[in-house]
Structures are given as C-alpha cells and as structure tokens.
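Participant: kindly generate the corresponding structure for this input.
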Amino acid sequence: GGRGFQEVADSYLGYYSHRGTLLWTRNNVVVAPHSAPGQKDYRLVVNLSLDGGRTWVDGTKQGTRAMRQARHFELVASPPGFSFTTPTVELSANHFLTVHCQGSPLRRVEAIFWHIEPTAKPALRVSSARQLFIDDELVESVEGVTRTLHQPTKHPQNPLLARADEQADRWDAGMPTCFSSVLYDPRNRLFKMWYSLHQQGEGDADSVLCFASSRDGIHWHKPALGMYEFRGTKNNNIVVPHSGLACGVFLDPRETDPARRFKMIHMWRDYQVYTSYSADGFRWTPYNDRKPVFFQAPGHDSHMIAYWDAALDRYVGIIRDRTGRISDVRPGLVVQPEARRIWRQLWDPQKNRAPENHSIRRVGQIESTDFVHWDNYRMIIGPDNQDPLNQDQFYNLEVMPYQGLRIGLMTVFSYDPQYSRGAVQLVSSRDGRRWQRVAKREVFLPLATRRGDFDWGSIYPLQAPIEHNDQIWIYYNGYGVDHNHTRPPGVEGMPNGIGLAKLRLDGFVSLDAGPGGGSVTTRPFTFTGRKLVINADATGGQVLVEVLDRRGEPIAGFGKSDCDRVTGDALRHPVSWQGNSELGLLEGATIKLRFHLLRAGLYSFSFPT
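Facilitator: Sure thing, here's the model as predicted:
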C-alpha cells in the first residue's frame, strides 16, 4: 500500500478524502465508489503525490459509458522515487480503468479525462411557442419554489345566456342549456356558439342544437334562422332539430374545401358516433352516408368533441368511455359500507342501482386521418386510487390545443349524502396521447358557493377555451341543481345558463417563490430565437435569469450578477444582461436557464422570432 494509510478490518486500507471514499485492498486495487448526482459533466482524475503520502481518486461518475466516451489522454509526471503497482480504478462491477505507467514506472503516469452526456433525458428542442410549467417536463430542479394553480375569474354578468323561464312566451321556455361549443371565426370577426337545449324529463334524442353569435363575446345574438319547426314555430335558431345534446363543433384549420370548413362530431339516437360538415355552421351534411363512424359498447352518451392535432397529423375525438365497471375500477365503492350507502342514496330507488351493477364514466380518445374512419381507441383518463371514493365519475373533457400542449378541462363529480355535483379539474398532454392530471388534482373552475346561482350544482366547460385579448376565455354551462336535479332548500325552478370565466395568458399554473427566494433550473435545451421573454408577476419582488451551458456553468456575460432585474407584472418581460438582450450567438447551442425568483411567480418563457 501507499504511505499514510492504516490497516482496517477485513484487510482493507481506507482513506476519506473531501470528494469521496477510497478503498485500497491488499492486492493494490483502488476502488472509487464516489459519485455526484445531479452533475452532468463527469471526469476521473488519478492523482499521485509523494508529499503527505497520499494517493486519491477524484471521481464524479461511475458507469460503463465513461469507457466508451473517453475524449483524450493526458500524461502527468509522477514524483521521483515514487513506486506504484498498476492501480486499477473500478468504475462499476466488472468494468475497470487501469492507470498505466509511461516509460519508466517511476516517472510517468497516464490519466484519462472524459465527458459523459446526461443519462436521464436528452436535450429538449424549444420552439418560439411559449413554454409553460404545467408539468415537470421542462424542469431539472427547483429550490424554494412551489407550483400554484390559478382559478379563472368569472364574469360579473354571468350567465351570459340564461335559461328561459318556464312561463316565458318563447319557443325555448323552460329548456335548459347543456353541452355546447364556442369559437372565434377570424373570417367575419365573430364569436360563434352552438349550444344544446334539453327538454327536461325527455330523452337525449329530444334535444336540439342552436346557434348564437357575438361581436364581443359578451352580448349574444340568436338569429331567427327559420330552418326547422319546433314547438309549432320556425322562428328559432335551431341548426340540428334532434339528438343535439352531444354535438362538438370546431373550425378545421387545414380544410381546403370551403364546404367543409366547419366540422361536427356527435351522437344520434343510438348513442353511436357520427360526423358531419358545414360551410356556414347552419346547414350540416353527414359524413359516411349517415352511418355511424365509431361505436364502443355500451355507447357514448355525453358531449363529444374533436379537433385537429397538428403534431399527430390526425383528427382527435374525445368521447365518453363506459367500458369499465365500478366494481373493477373503484372496488372501494362496493366493499366500503358508508361509500356504498351514499352512492345508492343518490339514485332513484326504483332503479335499484348499486355500484357493482353500474358502469363508470371515464374519458376515451379516438383518431382519424379523414374524419370518417376512426381508430386507436383507448381510455385516456379515469378515476384511480389517488382520487377520493366520492369522485368516481369523470363526465366530459374539453381540449384546447395551446402553445404545443393540449390543455384539458374535465368535469369531475363529487357526491355527499345530499348532492352529486361536478366541478372542473385540469389535465394536460404533450404528445396528444398520454394525459396527466395537473396541480395535484385541485379544482380549477369551482362551483358557486351561493345556493341559487346558475353554477352551484354542475359546470360543463364549452369546447374550447379561446385565446383572446391576451387572456384565455373559458365559456361554461352551469346548473343550479345537482346532477339528479335535486334543488337545495329555497331554490325554485332550475337556475341554468352559459357563463364566462377569464384567465391570464398562460395563467394555468405558476412557479412561485416567497420572501426567502427560490430558483428553477430547466433541463438542457436548444432554441430558435434571438431574445428571451418571460411571463411573470414580480410585483414587490424580482426575477433574475442565468443562462447556463449544458454542464450547468454560467455562460460569460449571462450570469446572475449580469442580469438586469425583472420587476412588476407583465405578460412579456424582456430579459437582458447589462443592457444586452441579444441571444442570437447562442441559437442552436444546448443551454439551460436558471430563474432566480424573489416574491415572484413565473408562468412561462419564450424566444419569440
């Protein structure tokens, strides 16, 4: 062995350095078990020194990849008179690195330096789209930072479209609004809405689909279209005269045929999936010779929506999945007496329903290249063991393609001994197929707390939220009674209508730090653009941004001390370093960003072109 080492148990000699533990066995094998998690740039240096009699290994990574990615060799002179017998550093089981002597065994030692790429995740590609922190995809590490879910603000004039009273002298008197679609048509600068009206107590086939338009998205006009007779009159705005409950309308951004500019996915009396097209949104022509385009037993009896997914290069349909049984998916509802009692109490005893005899509402997805032939059916979201037992029904999902993401608003029903009510949670997907719950499953769009309000009992978002005037506008249908039409005490009739809630641009979640400060470091990525812009609220605080290389080292001129303070609340804060905001020289390079937050919230960042 070498000088300075003392014999320890089991015939090992040991020395503890500031970088890790060295073990030297009697046969002169040096074992370096030290590693440094989180470091992305690795090297091994074998140092030999006569002074102090020390021999150590400076190791920051173990693994076989080091053997395959050696970058270069460096000759290091050994001290005169020092003898060393071919030490071998064990990188991992059965993989060794031998430090060879060069020339005289007393004069020269060879050391190896290398660089290893991160093994966890490859570098991301960041486009000019705004990068949201809806999940952890962008995040490598955080310190002193929490993710905050932000609820939208409901419009003070809600409901914008209210249910007509039963006694009103109108063709739609007493008909509650239900599942609906809304969009902004840039061709004629109009908000357009297709909303269903349901005849209370009648079947889904007796529902109709109506049309309304608005210049400002607040005040809505219902044109007398005169297309279909209903309740003895054609003086109405009906565009689908029956089975209009589950229609999902969207404007197809890729369609070249003007006659098929608007598309609709919908059910019919048989609860199968149909599709139609229209030039104006009023007159609809069925695809597939009026035959269903998809069916999965026992059927699809809720709002269906569809949209074009540019990344998948396919149409995506979101439909109800009823293939699961409560006894299989949520067995606790069957075996736990209290949960079972509450569940049965909410159903009509005439139907003798019990959890084990009931299917469970989940969300399904289908795909198509032509809007006629649909495939790749699967269940994408359903309740699991992380959901409370009183949340066993996921009613519908409305999807907003947004800045490279798909943001979903999902109605989740909760029940207690008196009521079954549905509020809205967030889900998201980056690839359009794998979906995840957001912000620990907290409520995003809450029910009203005051009994008698139109959105006290249930909320069903409209397809789809709209980005407008640097805000996200979320239209939704509200019911003032619970899912079984149970009224709270003192409430007459059925409060109901369509309302609006507004959210800050990119404002679904933020990463926040308080007075103690915190930091967020991104994963390595490449970008296209010349400047960095952040959406942040730093009122009473500040944000500083470091630009790091892929190893996590600050790039000269772009360090924390170089960054000009970002303060105040803005959707597009420009970031600069000593007055310079130009990042063009780094375009295409692999970098990281580290955001230092002090009493601030960060919503997104981008590199606008």
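Participant: rest of the way, CA atoms for contacts and neighbours
Facilitator: Noted.
Participant: so what touches the longest strand that the chain contains?
Facilitator: When the chain is parsed with DSSP state E, its longest strand is strand 533-549. Here strand 533-549 makes contact (CA atoms under 8 Å, 6 or more residues apart in numbering) with 506, 554-555, 558-560, 563-575, 590-608.
Participant: how about 6 Å then?
Facilitator: For strand 533-549, contacts defined as CA atoms under 6 Å, 6 or more residues apart in numbering pick out 554-555, 558-560, 563, 565-569, 571-575, 591-606.
Participant: now do the next helix or strand after that strand: which elements does it pack against?
Facilitator: Next helix or strand after strand 533-549 toward the C-terminus (DSSP states H and E): strand 566-574. Using 3 or more CA pairs under 6 Å, 6 or more residues apart in numbering; DSSP states H and E as the contact test, the elements touching strand 566-574 are strand 533-549.
Participant: angle of the strand it packs on against strand 566-574?
Facilitator: Orientation check (axes from the mean of the first three to the mean of the last three CA atoms, to 10 degrees): strand 533-549 against strand 566-574 gives 90 degrees.
Participant: mind checking the pLDDT average for strand 533-549?
Facilitator: Regarding strand 533-549, the rounded mean pLDDT is 98.
Participant: same thing with stretch 264-278?
Facilitator: For stretch 264-278, the mean pLDDT works out to 92.
Participant: what lies in contact with stretch 184-196?
Facilitator: Applying CA under 6 Å, 6+ apart, the set of residues contacting stretch 184-196 is 177-183, 208-215, 217, 244-245.
Participant: buried set for that stretch?
Facilitator: Using 16 or more other CA atoms under 10 Å as the test for burial, stretch 184-196 gives Tyr184, Phe191, Lys192, Met193, Trp194, Tyr195, Ser196.
Participant: helix, strand, or coil at the fourth one?
Facilitator: The reference is to Met193. State at Met193, reduced to three classes by DSSP: H, G, I helix; E, B strand; the rest coil: strand.
Participant: who's it bridged to?
Facilitator: For Met193, the beta-bridge partners are Val182, Ala212 (DSSP bridges).
Participant: per-residue confidence at it?
Facilitator: Reading off the model, Met193 has pLDDT 98.
Participant: mind splitting this structure into its structural domains?
Facilitator: Following automatic domain parsing, the chain resolves into domains at 6-114, 124-150+509-606, 153-324+359-504.
Participant: could you give the mean pLDDT of the shortest one?
Facilitator: Looking back up the chat, that one is domain 6-114. 34.
Participant: distance of the residue nearest the centre of the chain from Tyr402?
Facilitator: In the chain, the centroid-proximal residue (CA atoms, centre = their mean) is Ser428; its distance is 2.8 Å. Distance, Ser428 to Tyr402, by CA to CA, to the nearest Å: 10 Å.
Participant: before we move on, what about Leu124?
Facilitator: 18 Å.
Participant: got it, and Asp301?
Facilitator: 27 Å.
Participant: in terms of neighbours, single out the busier of the two.
Facilitator: The neighbour comparison of Asp301 against Tyr402 (other CA atoms under 10 Å) goes to Asp301, with 21 against 15.
Participant: now the closest residue to Gly518 other than its chain neighbours: phi and psi?
Facilitator: Closest residue in space to Gly518, ignoring its immediate chain neighbours: Gly144 at 4.2 Å, by CA to CA, 6 or more residues apart in numbering. The phi and psi values for Gly144, taken as degrees, to the nearest 10, are phi 70, psi 30.
Participant: what's around Gly144, how many residues?
Facilitator: Residues near Gly144, counting by other CA under 10 Å: 17.
Participant: buried ones only from the contacts of stretch 184-196, please, as a ChimeraX command.
Facilitator: Of these, the buried ones can be selected in ChimeraX as follows, counting by 16+ other CA under 10 Å:
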select :177,178,179,180,181,182,183,208,209,210,211,212,213,214,217,244,245
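Participant: and the residue nearest to Gly518, how far is that from Ser519?
Facilitator: As for Gly144, its distance to Ser519 is 7 Å (criterion: CA to CA).
Participant: hmm, back to that, out of the contacts of strand 533-549, which are buried?
Facilitator: Counted by 16+ other CA under 10 Å, the contacts of strand 533-549 give 554-555, 558-560, 563, 565-567, 569, 571, 573-575, 591-606 as buried.
Participant: got the confidence number for Phe371?
Facilitator: pLDDT recorded at Phe371 is 98.
Participant: can you classify the residue nearest to it when sequence neighbours are not counted by secondary structure?
Facilitator: Once flanking residues are discounted, Phe371 sits nearest to Tyr315: 6.6 Å by CA to CA, 6+ apart. Three-state call for Tyr315 (three-state DSSP): strand.
Participant: which residues does Gly478 bridge with?
Facilitator: According to DSSP bridges, the residues that bridge with Gly478 are Ile459, Gly497.
Participant: also Pro574?
Facilitator: The partner residues for Pro574, given DSSP bridges, come to Val533.
Participant: okay, strands next: where are they in the stretch 301-450 of the chain?
Facilitator: Residue ranges of the strands in the stretch 301-450 of the chain, as given by DSSP state E, counting those that start in this stretch, are 305-309, 314-321, 362-368, 374-381, 393-402, 405-415, 420-429, 436-437, 443-445.
Participant: export those strands to TSV and tack on distance to Gln131?
Facilitator: Below are the strands of the stretch 301-450 of the chain laid out as TSV (distance: least, CA to CA, whole Å):
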stretch	distance to Gln131
strand 305-309	18
strand 314-321	23
strand 362-368	25
strand 374-381	24
strand 393-402	10
strand 405-415	9
strand 420-429	13
strand 436-437	17
strand 443-445	20
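Participant: out of these, nearest to Ala224?
Facilitator: Each of the strands of the stretch 301-450 of the chain has some distance to Ala224 by CA to CA; the shortest is strand 305-309, at 26.1 Å.
Participant: mind listing what that closest one pairs with, with the direction of each?
Facilitator: Assessed with DSSP bridges, strand 305-309 is paired to strand 314-321 (antiparallel).
Participant: so the strand it pairs with versus strand 374-381, what angle?
Facilitator: Using the same axes, to 10 degrees: strand 314-321 against strand 374-381 is 50 degrees.
Participant: in this structure, which spans are helices?
Facilitator: Here the chain has its helices, by DSSP state H, at 65-68, 326-329, 332-335, 337-345.
Participant: just to revisit the earlier point, what residues sit buried inside the longest strand of the chain?
Facilitator: Buried, per 16+ other CA under 10 Å, within strand 533-549: 533-538, 541-549.
Participant: where does this protein dip in pLDDT?
Facilitator: 1-121, 200-205, 343, 345-357 (pLDDT under 70).
Participant: how about 50 then?
Facilitator: 1-119 (pLDDT under 50).
Participant: which of the buried residues of strand 533-549 lies closest to Ala464?
Facilitator: Asn535 (22.9 Å).
Participant: would you quantify the distance from the residue nearest to that closest one when sequence neighbours are not counted to Ala538?
Facilitator: Leaving aside its sequence neighbours, Asn535 sits nearest to Leu571 (CA to CA, 6+ apart; 4.3 Å). In this view, Leu571 and Ala538 are 11 Å apart by CA to CA.
Participant: can you check Leu593 too?
Facilitator: From Leu593 over to Ala538 (counting by CA to CA), the distance is 18 Å.
Participant: quick one: contacts for Arg487?
Facilitator: Val481.
Participant: shift numbering so it begins at 9
Facilitator: Renumbered: residue one is now 9, and that last one reads Arg495.
Participant: can you get me a residue count around Leu345?
Facilitator: Slight slip there: residue 345 is Pro, not Leu. 11.
Participant: grab the nearest non-local neighbour of Trp228.
Facilitator: Ser222 (4.7 Å).
Participant: so how many other residues sit close to the nearest residue to Arg155 once chain neighbours are set aside?
Facilitator: Excluding its sequence neighbours, the residue lying closest to Arg155 (CA to CA, 6+ apart) is Leu519, at 4.6 Å. Residues near Leu519, counting by other CA under 10 Å, number 24.
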